[in-house]
Structure formats: C-alpha cells, structure tokens
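Visitor: Structural data only, the sequence is not supplied:
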C-alpha cells in the first residue's frame, strides 16, 4: 500500500479546517501551518472540494471550510477522494485479479489486505484524530 503525498496533505489540510470549523482558512494559512507546498496544496484542496469534503467562498471573507462535520469524514473518505483505489497492483484494481495454478490464492490475500486497510482508515474520523492529538503530544513529551 502506498499513501500518496496528496492524500497525506489532504488529511492534514482537513485537520486544520476541523480544528477551527467556525472560521474559514485560506490555502496560504493551511500550507504555512502544515508546512505543505502552497501550489501542491491548491490542487489537493480542489480535489477535496470536488468530492464535497470542503466548501469554499471567494472574497476577503472567503476561504475553506469542511464540507461535512469532522465526525463524519474518515481517512478512507479522503484517501479515496484523492487517490481512488486504496491498493492497486501494477496500477490495476484488485477486483478482477485472477492467477492460475499455485498462485490462485494470492489475489484473495491482496483483497484481504485492502479490506483491512479500508477498515482501519474507515474507522478513523477527523474528529477522533483531533481528540487524540493532545493526549499523544503529552505522551511524547512525558508530561502527565
């Protein structure tokens, strides 16, 4: 499984938006806060907008907001919106994969790996990541 930079940046941008859902954020602010290349982030946010995960407004009061509540957006939603299939083999979907002879069982293993990844990513929402962030920071620094 490969997690693309686009998917990583998309999730990080959405987490910035989820942290302060009442006010819009500009791509410049998100890029600066998350140390993401601005031009790259603009294209990622465009894909998120087309998928309905963010909404935008132009003008001096404009920017980006989440398209749905943070508790309803999973990492699976984001990765599929940006990258499509979770796992591909040589660029092809695993759906029709079929091998002859002794390798016949291998496509089933690849599909299980994909299902497991989908279960993990589908079980993590932006809200759950935001709630976990302060506790994880404390654990890393050794504070209690």
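Guide: Everything's here; your move. Just so it is clear, the model here is predicted, and its values are computed rather than measured.
Visitor: What helices and strands are in contact with the strand or helix carrying residue 81?
Guide: Residue 81 belongs to helix 75-83 when elements are defined using DSSP states H and E. Counting contacts by 3 or more C-beta pairs under 8 Å, 6 or more residues apart in numbering; DSSP states H and E, helix 75-83 is packed against helix 5-19, helix 38-50, helix 106-122. C-beta coordinates here come from the backbone N, C-alpha and C atoms, glycine included.
Visitor: Can I get the ones you listed in CSV including mean neighbour count and distance to residue 64?
Guide: Output for these, formatted as CSV (neighbours: other C-beta atoms under 10 Å; distance: least, C-beta to C-beta, whole Å):
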stretch, mean neighbour count, distance to residue 64
helix 5-19, 20, 6
helix 38-50, 16, 6
helix 106-122, 14, 22
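Visitor: TSV for those helices, including mean pLDDT and distance to residue 89?
Guide: Listed next are these as TSV, based on pLDDT from 0 to 100; distance: least, C-beta to C-beta, whole Å:
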stretch	mean pLDDT	distance to residue 89
helix 5-19	97	18
helix 38-50	95	23
helix 106-122	95	6
